[in-house]
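K.L.:
Got a predicted structure here, sequence first:
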Amino acid sequence: MNLPRNIQKALGIGPLQKLHHLRVFLNRWLFLENWFPHVPLSLAMAVLGLLQLAPAAEEALGTSLFSGHLSAALHNYKYSGIHNMPQVALGSTMVLMSVGLLFRSRLAWFIAIMVTSTSLVLAGMPRSTSPYTGMGYNILFLVLLLLSRRRFNKSSLAAATLFALGSAILLLTYAVIGSYELGQDFSPPIEDFVTAFYFSVVTMSTVGYGDFIPKSPQAKFFVISIIVLGISLFATSLSAILAPIINRRMRLLIQPKGAVMNHVNHYVIVGDSSLARNSFRELTARNQPVTFIFQHPPEDGMYQDTDVIIGDGTDLEVLRRAGADKAKAVLALGTDDSENAFVVLAVKELAGAAKTVAAVNDARNMPRVRRVQPDLVIAPQVLGGELLAMALSGEKVEGDELLARFLHFR
C-alpha cells in the first residue's frame, strides 16, 4: 500500500510504519497471520523430536526404518556423548511442544527454547557424536524461536496445565532413566529404578541431601541439566497457570461489568466520541450486538450492560479479543483521524471479512483517510459545516448530493 509522502507525513508514517504496511500487504495476499511463523516452527520442532526418536525406534523394532546412509546418519545424530542417554524423553518432549507451537502457546514456546538450549549444551559435551549440521540446525531453530517470541502469546489455563503436566512427566522420565544408566558414575552407585526415582525427585526439587554424589564429568553435566530443567519448568509452569487466572481477575476489575457476548457477526466500535455513542445507541435499538473498544474505562454508567474491551484499538491482540476478524463491521469513530486510519489498517491485517468504517473530523484529512481504503468514510463534522454554509447562502440542498457528501463509499 503506497501512500503519498505528504499523507505519510500527516499520519506520522516513518520507516517502521512502512514495514508495518508491507506486512499488512503480505498478510492480505498470503494470509500470513493464519500460518506464519507458528506452523513452520512447529514442523521444525517435530522434525527435531523425530530425529531423536528414530534411533530408539529402530533399536526397539530391530530393523532399519530408513536407507543405510540415512539410518547411519540418524544414529550419529545425538545430542549427548553420554552412553545410552534417554533420547526418547527428549524427543517426546519436542514432539509434544510442536503441538503447543502449532497453537501458539507461550508455555510451549518457552519449553521449546529450554529443550533446544539443553540439546545444544549436551551436544558440546565430551565424547558427543552430534554432527555440526545437527548443531547448526538447532542453533538456527533457536534463533528463529527467539525472533518470533511475540507471535506465541496464547495463554490458556487448560493448555498450560496439560503442557506443564506432560513436560513434568517427560522430565521425570529423562531424569530416572538417565540416573539409572549413569548409576556407576555416582557414589554410591545407583543400581535400581527406585533409587533412580528417589534421586531424580530430590534433585529436581533442588533439595539435594548429598547421599548420591556424581563423580564423572558426564554425571555432573547430567545432574546440572536436571536442576536447570527442573527449576525452569517449575517457574514457567507456575507462571503459565497463574497468569491466565490473574489476567482474568484483573480484567474483571478494570473493565466495566457488561454482558458476555459471542464475538461473531457483531459490530465493533472503536473510540469514545459523540458519533460512537449515537451509533451504539441506534445499533442496540435495532437489536444489533455491539462490542466497544475504549482506550480507558468509561466513567459513566452508559455501558454497564455492554460488551466492553479496554485497550488500544490499533493493537491486533485487542482487536482479536473483540472478535474484529469475525465481525460484520469495525467502526473507527474516534476523534483523531490518523488513529481511525490506523484502526482500519490493523483490521485489514487481521484478514477477516469485516467491513471497515472510518470517521473523518477534519475535511483536510478526507483524501488521506480514503488512501487506507476503508469500505465507508463518514464525515458528520464536515457535513454540519457544509449544511450551515448552504443554508446561510440560500443554496438548494439535494438529497443525493447530501448523501454523497456525508457518506463516501469505496
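P.N.:
Arrived safely. Residues are numbered from 1 along each chain as shown.
K.L.:
pretty sure T284 is touching T291, no?
P.N.:
No: T284 is beyond contact range of T291, at 11.4 Å (criterion: Cβ atoms under 8 Å). Just so you know, the C-beta spots here come from the backbone N, C-alpha and C atoms, and that holds for glycine as well.
K.L.:
of the two, who's got more company?
P.N.:
Per other Cβ atoms under 10 Å, whichever of T284 and T291 has more neighbours is T291, with 24 against 14.
K.L.:
How is the more buried one assigned, secondary-structure-wise?
P.N.:
strand (DSSP: H, G, I helix; E, B strand; the rest coil).
K.L.:
And it, how close does it get to H266?
P.N.:
6 Å (Cβ to Cβ, to the nearest Å).
K.L.:
overlap in contacts of these two?
P.N.:
G323, A327 (Cβ atoms under 8 Å, 6 or more residues apart in numbering).
K.L.:
Excluding chain neighbours, what is closest to D325?
P.N.:
G352 (3.3 Å; Cβ to Cβ, 6 or more residues apart in numbering).
K.L.:
intersection of neighbour lists for T284 and T291?
P.N.:
Common contacts of T284 and T291, defined by Cβ under 8 Å, 6+ apart, comprise T306.
K.L.:
what are the phi and psi angles of the residue nearest to D325?
P.N.:
phi -90, psi -170 (degrees, to the nearest 10).
K.L.:
go on, the one 5 residues further on?
P.N.:
Geometry field for V357 lists phi and psi as phi -130, psi 130, criterion degrees, to the nearest 10.
K.L.:
can I assume it is in contact with G334?
P.N.:
No: using Cβ under 8 Å, V357 is not in contact with G334; the gap is 11.7 Å.
K.L.:
Pass me the low-pLDDT residue ranges in the stretch 251-400 of the chain, would you?
P.N.:
The stretch 251-400 of the chain contains residues with pLDDT under 70 at 251-261, 299-304, 382-392, 395-400.
K.L.:
The same query, at a cut-off of 80, please.
P.N.:
251-262, 296-305, 351-352, 363, 380-400 (pLDDT under 80).
K.L.:
quick one, what contacts the residue nearest to D325?
P.N.:
Counted by Cβ under 8 Å, 6+ apart, G352 has contacts A324, D325, K326, A327.
K.L.:
I'd like the distance between the closest residue in space to the last one that isn't next to it in sequence and L142.
P.N.:
Counting by Cβ to Cβ, 6+ apart, A327 lies nearest to A354, which is 4.4 Å off, once chain neighbours are set aside. From A354 over to L142 the distance is 37 Å, taken as Cβ to Cβ.
K.L.:
For the protein, which segments are assigned as strands?
P.N.:
With DSSP state E, the ranges of strands along the chain come out as 186-187, 213-214, 267-270, 290-294, 307-310, 329-332, 355-359, 376-378, 407-409.
K.L.:
just the helices in the stretch 101-250 of the chain please.
P.N.:
For the stretch 101-250 of the chain, the helices defined by DSSP state H, counting those that start in this stretch cover 106-123, 132-147, 157-181, 193-204, 217-254.
K.L.:
Turn these into a markdown table, columns for mean neighbour count and distance to L96.
P.N.:
Output for these, formatted as a markdown table (neighbours: other Cβ atoms under 10 Å; distance: least, Cβ to Cβ, whole Å):
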| stretch | mean neighbour count | distance to L96 |
| --- | --- | --- |
| helix 106-123 | 22 | 8 |
| helix 132-147 | 14 | 16 |
| helix 157-181 | 20 | 5 |
| helix 193-204 | 18 | 18 |
| helix 217-254 | 16 | 13 |
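K.L.:
I'd like these as CSV, with distance to R277 appended.
P.N.:
What follows is those, written out as CSV (distance: least, Cβ to Cβ, whole Å):
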stretch, distance to R277
helix 106-123, 37
helix 132-147, 42
helix 157-181, 36
helix 193-204, 57
helix 217-254, 21
